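Engineer: Okay, predicted coordinates and the sequence, questions at the end:
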Amino acid sequence: MSHARTPSPLRKRKAAAADLDGPAPPRAAAAPQLPQPSPPLRLLDPLSRVRSFSIIESTLREGEQFANAFFDTETKIRIAKALDDFGVEYIELTSPAASEQSRADCEAICKLGLKAKILTHVRCHMDDARIAVETGVDGLDVVIGTSSFLREFSHGKDMDYIIRQATEVITFIKSKGLEVRFSSEDSFRSDLVDLLNLYKTVDKLGVNRVGIADTVGCADPRQVYELVRTLRSVVSCDIECHFHNDTGCAIANAYAALEAGATHIDTSVLGIGERNGITPLGGLIARMYTADKDGIKAKYRLEALRDVENLVADAVQIQVPFNNYITGYCAFTHKAGIHAKAILNNPSTYEILRPEDFGMTRYVSIGHRLTGWNAVKNRVQQLDLSLSDDDVKAVTAQIKSLADIKPLGIEEVDTLLRKFHDRVHAIGTALDADGEPMAC
Ligand SMILES: CC(=O)SCCNC(=O)CCNC(=O)[C@H](O)C(C)(C)COP(=O)(O)OP(=O)(O)OC[C@H]1O[C@@H](n2cnc3c(N)ncnc32)[C@H](O)[C@@H]1OP(=O)(O)O
Ligand SMILES: O=C(O)CCC(=O)C(=O)O
Ligand SMILES: [Zn+2]
């Protein structure tokens, strides 16, 4: 059953969600088995990978491109271990060509013996590939810009050159027996014919995956669906997708990609990355849990999500946002009286995610003017006070009237309830909303 507590909006991240201040409320009896809504019946598209996909976790690559990020070796190792413990299938690391320390860190992480496969992300260039294959990684994620913007203003190469370069780099990586993915940066602003031609070529060379990247965050879910569906009919290898969040579509785009047949999604913890980042790990998990709860619970250690997020937030000196998916401090806080009543009867009424599956706790906030007597009654029961429904309605009116001036903390609400209770029992009659004995 739910706990009634009032979270402070100024609360620090470390006290987020389940660790709210204030006296611990008495534990309510275990919730009875309540009806869960059945998922809407949908015909499963045979190409959809919503129920079988892998995460390429890029906090240690894309995330290192976040403005605040500086990960020393020890921090990288802690993050890699935490991601592995959570259960991501792949961990992507910064190019070892970036710096001597990046190379050494890459080697150090490869030696950890993690369950997750270790990848590193390199330019489509033999110099980078030669350094990367010596680090001990399981595979290389190779990328090159294909849009006219990047061909003109970044590397300055035309499509024929890209194909030749890609062929040389991929052939080399494969000769070393490593996994290889080939990706086109800025895919959604690239010419479709050029793209498909390139992907067909690298598919024939035997890449494990091709990658689509929405590098500037311009794509919408429909465009993503169409491009991935088209690509699915052109290549036989796996398809990885990478979505930036400049226009708020990164999670929806990832989902649309999986629906269309993409097999791998890039994420970073809290979405950190270049500019405002990419698909956040927690947000993707929330979305995919909603589509396939049992599958997600079986694949990932969901209760570890909060620790990974706190670890990364600390490392890059940010707070977990108040409205973060799953772990934001108000993600499972219910406030309005209408919601509170239904939640107390059956949490599925207003919760699509079960907090307990993520090691989180639900809260019903009652010290405000939007509260209702059902929520207050629940708190009365938690405090083991004996009040009739009429008494609870009267004390609810008192709470609302006080909260019209300013919201009450849970301690204030509890004091009010206890005083009201003591008075009712001392006088032996019901009290009205002003705390006066009811007229006979
Ligand atoms: C969209 C993305 O996030 S892609 C991933 C981004 N990741 C990184 O940039 C990793 C960190 N980067 C670095 O440490 C450096 O940029 C390095 C080591 C990769 C290269 O450094 P520098 O040699 O000093 O070059 P610089 O960064 O100024 O410019 C990039 C060079 O790569 C070339 N280039 C850019 N993209 C690619 C590509 N995908 N494939 C091959 N070459 C590329 C550019 O033409 C330019 O070449 P130039 O030296 O002939 O001008
Ligand atoms: O390698 C990729 O697919 C993505 C590279 C990247 O970070 C981007 O294009 O935003
Ligand atoms: Zn990116």
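Structural biologist: Received the coordinates, thanks. Numbering: from 1, shown residues only. Ligands and ions are numbered 1, 2, ... in the order given.
Engineer: centroid residue for the protein?
Structural biologist: Most central in the chain under C-alpha atoms, centre = their mean is Gly282, positioned 1.4 Å from the mean C-alpha point.
Engineer: Could I get the full set of helices for the stretch 251-400 of the chain?
Structural biologist: All helices of the stretch 251-400 of the chain, identified by DSSP state H, counting those that start in this stretch, fall at 281-291, 293-299, 305-315, 337-345, 373-382, 389-403.
Engineer: want to throw the ones you listed into CSV with distance to ligand 1 and mean pLDDT?
Structural biologist: Backbone N, C-alpha and C define where each C-beta goes, glycine included. Shown next, in CSV, are these (distance: least, C-beta to the nearest ligand atom, whole Å; pLDDT from 0 to 100):
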stretch, distance to ligand 1, mean pLDDT
helix 281-291, 18, 98
helix 293-299, 27, 98
helix 305-315, 18, 98
helix 337-345, 42, 97
helix 373-382, 48, 98
helix 389-403, 49, 97
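Engineer: can those go into CSV with extra columns for distance to Gly177?
Structural biologist: Listed next are the helices of the stretch 251-400 of the chain as CSV, based on distance: least, C-beta to C-beta, whole Å:
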stretch, distance to Gly177
helix 281-291, 29
helix 293-299, 27
helix 305-315, 31
helix 337-345, 54
helix 373-382, 61
helix 389-403, 67
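Engineer: Could I get those in CSV, plus columns for distance to ligand 2?
Structural biologist: Output for these, formatted as CSV (distance: least, C-beta to the nearest ligand atom, whole Å):
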stretch, distance to ligand 2
helix 281-291, 15
helix 293-299, 23
helix 305-315, 17
helix 337-345, 39
helix 373-382, 45
helix 389-403, 47
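Engineer: follow-up on the earlier one: my read is that the residue nearest to the centre of the chain contacts Pro321, right?
Structural biologist: No: counting by C-beta atoms under 8 Å, Pro321 is not a contact partner of Gly282; they are 10.4 Å apart.
Engineer: which residues do these two both contact?
Structural biologist: Jointly contacting Gly282 and Pro321 under the rule C-beta atoms under 8 Å, 6 or more residues apart in numbering are Leu270.
Engineer: hang on, the earlier thing: could you measure from the residue nearest to the centre of the chain over to Asp194?
Structural biologist: From Gly282 over to Asp194 the distance is 35 Å, taken as C-beta to C-beta, to the nearest Å.
Engineer: which regions of this structure lie under the pLDDT threshold?
Structural biologist: Within the chain, the stretches with pLDDT under 70 are 1-33, 37-43, 439-440.
Engineer: The closest residue in space to Ala430 that isn't next to it in sequence: how many residues sit nearby?
Structural biologist: Nearest in space to Ala430, with sequence neighbours left out and distances taken as C-beta to C-beta, 6 or more residues apart in numbering, is Met438 at 4.6 Å. By other C-beta atoms under 10 Å, 12 other residues sit near Met438.
Engineer: For Met438, which residues are in contact?
Structural biologist: Met438 makes contact with Thr429, Ala430, Leu431, Asp432 under the criterion C-beta under 8 Å, 6+ apart.
Engineer: want to try CSV for those, with secondary structure as columns?
Structural biologist: Below are the contacts of Met438 laid out as CSV (DSSP: H, G, I helix; E, B strand; the rest coil):
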residue, secondary structure
Thr429, coil
Ala430, coil
Leu431, strand
Asp432, coil
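Engineer: Could you identify the most distant pair in those residues?
Structural biologist: Greatest spacing in those, by C-beta to C-beta: Thr429 and Asp432 (10.2 Å).
Engineer: Comparing those two, which shows the higher neighbour count?
Structural biologist: Asp432 (15 against 12).
Engineer: Show me what from the stretch 51-200 of the chain comes close to ligand 2.
Structural biologist: By the rule C-beta under 6 Å from any ligand atom, the part of the stretch 51-200 of the chain lying against ligand 2 is Glu62, His121, Asp141, Val143, Ser183, Glu185.
Engineer: In strands, which of the residues you listed fall?
Structural biologist: Among these, DSSP state E puts His121, Asp141, Val143, Ser183, Glu185 in strands.
Engineer: Asn253 contacts Ala219, doesn't it?
Structural biologist: Yes: look at Asn253 against Ala219 with C-beta under 8 Å: they come within range, at 5.8 Å.
Engineer: shared neighbours of those two, which are they?
Structural biologist: Phe243.
Engineer: Of those two, which one has the most company?
Structural biologist: Asn253 (32 against 28).
Engineer: show me the contacts for the more buried one.
Structural biologist: Applying C-beta under 8 Å, 6+ apart, the residues contacting Asn253 are Asp214, Ala219, Asp220, Pro221, Val224, Cys241, Phe243, Thr279.
Engineer: what ranges do the strands span in the stretch 1-150 of the chain?
Structural biologist: 3-4, 54-57, 90-93, 117-123, 139-145 (DSSP state E, counting those that start in this stretch).
Engineer: can you tell which of the ones you listed is closest to Asn345?
Structural biologist: With C-beta to C-beta, the closest approach to Asn345 among the strands of the stretch 1-150 of the chain belongs to strand 3-4: 14.7 Å.
Engineer: Could you chop the chain up by domain?
Structural biologist: According to automatic domain parsing, the chain comprises the domains 54-315, 332-440.
Engineer: pretty sure Glu351 is touching Phe332, no?
Structural biologist: Yes: between Glu351 and Phe332 there is a contact at 6.9 Å, judged by C-beta under 8 Å.
Engineer: what do these two both touch?
Structural biologist: Here Glu351 and Phe332 have Arg362 as joint contacts, going by C-beta under 8 Å, 6+ apart.
Engineer: Neighbour count for the two, which is higher?
Structural biologist: Just comparing Glu351 and Phe332: by other C-beta under 10 Å the higher neighbour count belongs to Phe332, 25 against 15.
Engineer: ok, now which ones touch the more buried one?
Structural biologist: Phe332 neighbours (C-beta under 8 Å, 6+ apart): Ala17, Glu351, Leu353, Pro355, Met360, Thr361, Arg362, Tyr363.
Engineer: Backbone torsions only: list them for Asp138.
Structural biologist: Here is the backbone geometry of Asp138 (degrees, to the nearest 10): phi -80, psi -20.
Engineer: Not counting its neighbours along the chain, what's nearest it?
Structural biologist: Leaving aside its chain neighbours, Asp138 sits nearest to Lys117 (4.1 Å; criterion: C-beta to C-beta, 6+ apart).
Engineer: Tell me who's in contact with that neighbour.
Structural biologist: Glu89, Tyr90, Ile91, Asp138, Gly139, Glu179.
Engineer: Kind regards, and thank you for your time.
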